[in-house]
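Student: below: sequence and its predicted model.
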Amino acid sequence: MVSQDRVYQALASQRGAFLSGQQLSEQLGITRAAVWKAVEGLRRQGYDIEARSGRGYRLGGVGDGLGHRELEAYLSAPRENIHVLESVDSTNTYAKRLALEGAPDGTVVLADCQTGGRGRLGRSFQSPEGTGLYLSALWRPECSPEALFPLTALAAVAVCRAVERITEMRPGIKWPNDLVIRRKKVGGILTEMAMEHDSTQVDYVVLGIGINVHTAAFEGEVADMASSLEEQLETEISRPQLAAALVEELDTLRHTVLFQPTLWLEEYREACLNLGRTVQLIQGEKRTMAVAMNVDEQYGLMVRMMDGSHVMVRSGEVSVRGLYGYV
Ligand code: BTN
C-alpha cells in the first residue's frame with residue numbers, strides 16, 4: 001500500500017506526463033518489479049494508468065474521488081488531521097464528536113455524502129453522494145465568542161478564493177455567507193460554536209462548508225434557487241482539487257486572517273452582491289425593507305432604513321433576503 005501511495009503521488013505530480021519504470025524505481029528507491037506491482041494494484045482499484053513501452057506510465061487524470069491519495073496529489077504540502085468519510089450524517093456533527101474526544105485545532109472532516117446535512121436556521125442541506133463538497137473544519141481559537149463575529153463571512157471569502165484558484169472565476173457572496181453565481185446559490189456555510197465550561201472563552205468552533213460542485217438537481221423549496229459550480233461556471237471541476245484548495249485557504253484564514261479580519265475586508269466587499277441594493281430584513285415574523293450600504297470591520301451589514309436612519313445588522317440576528325432572484 002505504501003508503494004502504491006508513493007507511485008500514485010509520483011505520477012500525479014507529473015500532471016499527465018509519462019514517467020518510466022526506471023525513473024520511478026530510482027526516485028522511490030524501490031525495484032522496477034515493485035513499481036509494476038504497485039501500478040497493477042492501483043489499476044485494480046480503478047485508477048486510470050496508461051503503460052506505454054519505451055515511455056513508461058502516465059496517470060490519466062486525478063479524477064474526482066475524495067480520498068487521501070487524491071487530496072495529497074493537490075495539496076502543496078502534506079497535511080495531517082484530515083478525516084475522509086464515505087458517508088456520514090453530517091460532517092459538522094462528526095467534527096463536534098471529534099472535538100469532544102479531544103481532536104486538535106485544524107482537524108478537517110470531509111465526506112462523499114451526508115445523510116443528514118444541516119443548513120442554517122434549522123434547514124437541511126441536500127448532500128447527495130459524489131456530487132458536492134461537504135467539509136467541516138474544527139478550530140480551537142482560544143478567544144471570546146465576540147472575536148469570532150467575522151468568522152462566518154471570512155469563511156465565505158476562503159471559499160471564493162479556493163474556487164478562483166482552480167477556475168479563475170470568483171463567486172459572489174450574499175451577506176453574510178451564501179455563495180452565489182448568476183443569482184443561484186451554489187453553497188453555504190454553517191458555523192457552530194461551543195463554550196468552555198465556567199468560562200467566557202470559546203472551546204471550539206466548527207465551520208461547516210457545503211458546495212454544490214456537480215449536483216444537477218435539487219428537491220423541495222430550494223429547487224429553484226440552488227445550482228452547482230459546474231452548471232453556473234460551465235467548466236469541469238475536480239472535487240479533490242477544490243477540497244485541497246479550500247483546506248489551504250482555511251489554514252491561511254486560521255493562521256493569518258482570523259485575528260486581523262480587515263485583511264480580507266476589501267475582498268469581501270467586492271464579492272458582496274447585496275451592497276447598493278434593496279434587501280428585506282427578516283426577524284421572526286417581521287419584514288422590513290432597507291438598502292444595504294456597507295460592510296463594517298466586523299463584517300456586519302450597514303443598512304439604510306426607509307426613514308433614512310442607518311442600522312447595523314449582525315449575522316444571526318436578522319436574515320437578509322434580496323429582491324432580485326436569490327440575491
Ligand atoms: C446553509 O446554506 O444554510 C449552510 C449549509 C452548510 C452545509 C454544510 S455541508 C458540510 C457541513 N455539514 C453539515 O451538516 N452542514 C455543513
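Tutor: Done, it's in.
Student: which residues of this protein lie near the ligand?
Tutor: Within the chain, the positions near the ligand by CB under 6 Å from any ligand atom are 90-92, 114, 117-120, 123, 125, 134-136, 178, 188-190, 208-210. From N, CA and C alone the C-beta is placed, and that goes for glycine too.
Student: 5 Å instead?
Tutor: 90-92, 117-120, 125, 134, 188, 190, 208, 210 (CB under 5 Å from any ligand atom).
Student: which SS state does Gln27 fall under?
Tutor: Secondary structure, DSSP: H, G, I helix; E, B strand; the rest coil: Gln27 is helix.
Student: run a quick neighbour tally on it.
Tutor: Gln27: 14 surrounding residues under other CB atoms under 10 Å.
Student: residues in contact with it?
Tutor: Applying CB atoms under 8 Å, 6 or more residues apart in numbering to Gln27 gives the contacts 10, 19.
Student: how about Leu225, phi and psi?
Tutor: Not Leu; residue 225 is Met. phi -100, psi -10 (degrees, to the nearest 10).
Student: ditto for Arg161
Tutor: Per degrees, to the nearest 10, the backbone of Arg161 is at phi -60, psi -40.
Student: kindly report the same for Glu297.
Tutor: phi -70, psi -20.
Student: that one contacts Leu265, correct?
Tutor: Yes: under the criterion of CB atoms under 8 Å, Glu297 makes contact with Leu265 at 6.5 Å.
Student: more neighbours: the two, which one.
Tutor: For Glu297 versus Leu265, neighbours defined as other CB under 10 Å are more numerous around Leu265 (20 against 10).
Student: and of the residues of the chain next to the ligand, the nearest to Val320?
Tutor: Nearest to Val320 among these is Arg120, at 11.9 Å by CB to CB.
Student: pull the contacting residues for that closest one.
Tutor: Applying CB under 8 Å, 6+ apart, the residues contacting Arg120 are 188, 190.
Student: the residue in the chain positioned nearest to the ligand: which element?
Tutor: Using CB to the nearest ligand atom, the closest approach of the chain to the ligand is made by Gly188 at 1.9 Å. Taking DSSP states H and E as the definition, Gly188 sits inside strand 184-195.
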